[in-house]
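Peer 1: Fold the following for me, if possible:
(2 chains)
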Amino acid sequence: MDKSEKTEVVLLACGSFNPITNMHLRLFELAKDYLNGTGKYRVIKGIISPVGDAYKKKGLIPAHHRIIMAELATKSSNWVEVDTWESLQKEWTETVKVLRHHQEKLEAGSCDHKQNSPVPERPGRKRKWVEQRQDSSQKKSLDPKAKGVPQVKLLCGADFLESFGVPNLWKSEDITRIVADYGLICVTRDGSDAQRFIYESDVLWRHQSNIHLVNEWINNDISSTKIRRALRRGQSIRYLVPDLVQEYIEKHDLYSSESEDRNVGVVLAPLQRNAAQAKS
Amino acid sequence: MKSRIPVVLLACGSFNPITNMHLRLFEVARDHLHQTGMYQVTQGIISPVNDDYGKKDLVASHHRVAMAQLALQTSDWIRVDPWESEQPQWMETVTVLRHHHSQLLRSPPPMEGPDPGQAPSAPTAAPQLKLLCGADVLRTFQTPNLWKDAHIQEIVEKFGLVCVSRVGHDPKGYVLDSPILRKYQHNIHLAREPVQNEISATYVRRALSQGQSVKYLLPDPVIAYIRDHGLYTKDSSWQGTGTARGKGKAS
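Peer 2: Numbers count the residues shown, from 1 in each chain, chains lettered A, B, ... in the order given. I've put the predicted structure just below:
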């Protein structure tokens, strides 16, 4: 198949990454294999976007640690990288805005982008090809939405999809924009639950062609919550997170009962914001 | 300070290839034994099975040993021992246990530095060698003709078992269902893996043969080795057995 007929995709994963685990990293690998395997897409980049501290989730440790751990975790990857834009925002930023930010960045970059296709994977070397292409040239592409511009898609697990149903956690307009304008890659162990969830939602159903369910055959339940619990109990987390991350956590003694009590009693930022807006 | 019994964990298996889950077994088992307050785990040994075992898709032992070595480069307490794989034929697990146990008794006690001629001081107990396995292996004790009853008894009576739970298994049930295991249940430690992590080597081999990524399921150096040696590709199930042992292999 002609390379230029495939839609180029950038996978964006938003979340706490508190801490990042091998499971998070697996999501990228599974999603990429799946999308590339359809023959319609070519995944060119993966972006990990840790949430800002203003999210106010219980047990959320400062962003700079979570960023560093994600960077250590992706050191050995030649296509997945960490982006700090979201974590640097003063206020909590809705996921749709993060998607929009990254899509616009790609479009700005591709204005100067000629027909040289983006980098084939080169082991051991990451290239932020978007930044490289940004110069002061005034050349514009014919159409920003042409096949030539990579598309950002949201990568997530099944719990994320089902969180759409939590009252006040998401604005319904945002959910619509996410699945209509961007698309969702949902890696799930139990496809049937996710399929039923899509079936029961009019919005998701309408845009189901833009929602890809990827099966995770391995029962790989390395949740950050369990990692933090194991750490509090002095249990080993080796081989569940990359070695560099485990060493960093140990060196900085990041997770404890104290850290788990952060934001206790504080309302999660999206709940706070959506409830307030509903009232006004 | 009360002295704990030193323990060495021995894991036998195909390790075809070694995965993060195999490595986790050691970590979980060590945590569990330390939690009891009675033991001090000093060493872990991975013993890849002999090629003669005849399991389907088993790649040559020198590869499996090399991969395990790469995986354990960053571990300060677990090592690979190729002894079992280098024997002229397959041998029962109990034989491997006996071998490693006598090796342990022969080597000087780790904690002290007396002259070789001097008798070791009393508190240092001889290390106990325990068989480390997943719950699926414990279940195979029930498979007719797979294990000799006398061997099962020797394993749990003379050595001891540390069994790490797996989804879909009921290790406590397996123990209670077997008279031998029930009798020596004090020597069978059931450890629970707090984080479900079902990375089967079978899945890994299938993913590799389909050209899918296995990154983050095995250590990177192992993945590189597999790639460099063309292991587990679609038509390499026989190519992997590089050493000529005079036995034709069908698969």
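Peer 1: What distance do you get for B:Glu198 to B:Val156?
Peer 2: 26 Å (Cβ to Cβ, to the nearest Å). The way it works is simple: take the backbone N, C-alpha and C, and place the C-beta from them, glycine included.
Peer 1: Apologies, that question was intended for B:Leu9.
Peer 2: 15 Å.
Peer 1: returning to what we had before: the more surrounded of B:Glu198 and B:Val156?
Peer 2: Remark: of B:Glu198 and B:Val156, B:Val156 carries more neighbours, 24 against 17, as counted by other Cβ atoms under 10 Å in any protein chain shown.
Peer 1: Pull the number of nearby residues for residue 209.
Peer 2: Just so you know, I chose chain A. For A:Ser209, using other Cβ under 10 Å, the count is 8.
Peer 1: was after chain B, sorry
Peer 2: The burial count for B:Ser209: 15, using other Cβ under 10 Å.
Peer 1: ok, it - contacts?
Peer 2: Neighbour list for B:Ser209: B:Tyr232, B:Thr233, B:Lys234 [criterion: Cβ atoms under 8 Å, 6 or more residues apart in numbering or on different chains].
Peer 1: List the single closest residue to the last one in space, sequence neighbours excluded.
Peer 2: So that's B:Lys234. Distances taken as Cβ to Cβ, 6 or more residues apart in numbering or on different chains place B:Ser209 nearest to B:Lys234, at 4.8 Å, with adjacent residues excluded.
Peer 1: The second one now?
Peer 2: Once its chain neighbours are removed from consideration, B:Thr233 has its nearest residue in B:Ser209; the separation is 6.2 Å (Cβ to Cβ, 6+ apart).
Peer 1: can you check the first one too?
Peer 2: The shortest distance from B:Tyr232 to any residue other than its chain neighbours is 4.1 Å, reached at B:Leu208 (Cβ to Cβ, 6+ apart).
Peer 1: so that neighbour makes contact with B:Thr233?
Peer 2: Yes: in this structure, B:Leu208 is within contact of B:Thr233 by Cβ atoms under 8 Å, at 7.1 Å.
Peer 1: Is any residue of stretch B:173-189 near chain A?
Peer 2: No: shown here: stretch B:173-189 not in contact with chain A (Cβ under 8 Å from any Cβ of the partner chain), separated by at least 15.3 Å.
Peer 1: buried stuff in that stretch?
Peer 2: Neighbour counts over stretch B:173-189 (16 or more other Cβ atoms under 10 Å in any protein chain shown) mark B:Tyr174, B:Val175, B:Ser178, B:Ile180, B:Leu181, B:Tyr184, B:Gln185, B:Asn187, B:Ile188, B:His189 as buried.
Peer 1: Likewise for stretch B:89-102?
Peer 2: So stretch B:89-102, judged by 16+ other Cβ under 10 Å, has buried residues B:Met91, B:Thr93, B:Val94, B:Val96, B:Leu97, B:Arg98, B:His99, B:His100, B:His101.
Peer 1: May I see these organised as CSV, with distance to chain A added?
Peer 2: Shown next, in CSV, are the buried residues of stretch B:89-102 (distance: Cβ to the nearest Cβ, whole Å):
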residue, distance to chain A
B:Met91, 29
B:Thr93, 24
B:Val94, 28
B:Val96, 24
B:Leu97, 24
B:Arg98, 29
B:His99, 27
B:His100, 23
B:His101, 25
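Peer 1: Could you list the contact residues of the stretch 51-200 of chain A toward chain B?
Peer 2: Counting by Cβ under 8 Å from any Cβ, the residues of the stretch 51-200 of chain A near chain B are A:Ser76, A:Ser77.
Peer 1: For chain B, what is the nearest residue in the stretch 51-200 of chain A?
Peer 2: Of all residues in the stretch 51-200 of chain A, A:Ser76 sits closest to chain B, at 5.5 Å by Cβ to the nearest Cβ.
Peer 1: Correct me if wrong, but that residue is in a helix.
Peer 2: No: per DSSP: H, G, I helix; E, B strand; the rest coil, A:Ser76 lies outside any helix segment and is coil.
Peer 1: just the helices in the chain please.
Peer 2: Let's take chain A. Using DSSP state H, the helices of chain A run over A:22-38, A:63-73, A:85-88, A:95-110, A:129-133, A:158-162, A:172-177, A:191-199, A:202-206, A:224-232, A:243-252, A:257-260, A:269-279.
Peer 1: sorry, should have said chain B
Peer 2: Using DSSP H, helices in chain B cover B:20-35, B:61-71, B:83-86, B:93-106, B:135-140, B:149-154, B:171-177, B:179-183, B:201-209, B:220-228.
Peer 1: just checking, what packs against the third one?
Peer 2: What that stands for is helix B:83-86. strand B:39-48, helix B:61-71, helix B:93-106 (3 or more Cβ pairs under 8 Å, 6 or more residues apart in numbering or on different chains; DSSP states H and E).
Peer 1: before we move on, the earlier item: and B:Leu208 and B:Thr233? Which one has more around it.
Peer 2: Legend: neighbour count by other Cβ under 10 Å for B:Leu208 and B:Thr233, higher for B:Leu208 (21 against 16).
Peer 1: residue contacts, that one?
Peer 2: B:Val214, B:Ile226, B:Leu231, B:Tyr232, B:Thr233 are the contacts of B:Leu208 under Cβ under 8 Å, 6+ apart.
Peer 1: Could you export the helices of chain A as TSV, including mean neighbour count?
Peer 2: Converted to TSV, the helices of chain A look like this (neighbours: other Cβ atoms under 10 Å in any protein chain shown):
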stretch	mean neighbour count
helix A:22-38	21
helix A:63-73	21
helix A:85-88	18
helix A:95-110	18
helix A:129-133	14
helix A:158-162	17
helix A:172-177	15
helix A:191-199	15
helix A:202-206	14
helix A:224-232	19
helix A:243-252	16
helix A:257-260	13
helix A:269-279	14
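Peer 1: Quick one, which of the ones you listed gets closest to B:Val164.
Peer 2: B:Val164 sits nearest to helix A:224-232 of all those, at 14.4 Å, using Cβ to Cβ.
Peer 1: need the contact list for B:Asp149.
Peer 2: B:Ile180.
Peer 1: Could you list the low-confidence segments of the stretch 151-251 of chain B?
Peer 2: Filtered on pLDDT under 70, the stretch 151-251 of chain B yields the residue ranges B:236-251.
Peer 1: Alongside chain A, which residues does it contribute?
Peer 2: That would be B:167, B:194-200, B:203, B:212-217, B:220, which are the residues of the stretch 151-251 of chain B within reach of chain A (Cβ under 8 Å from any Cβ).
Peer 1: What does B:Gln212 show for phi and psi?
Peer 2: B:Gln212 adopts backbone torsions of phi -90, psi 160, taken as degrees, to the nearest 10.
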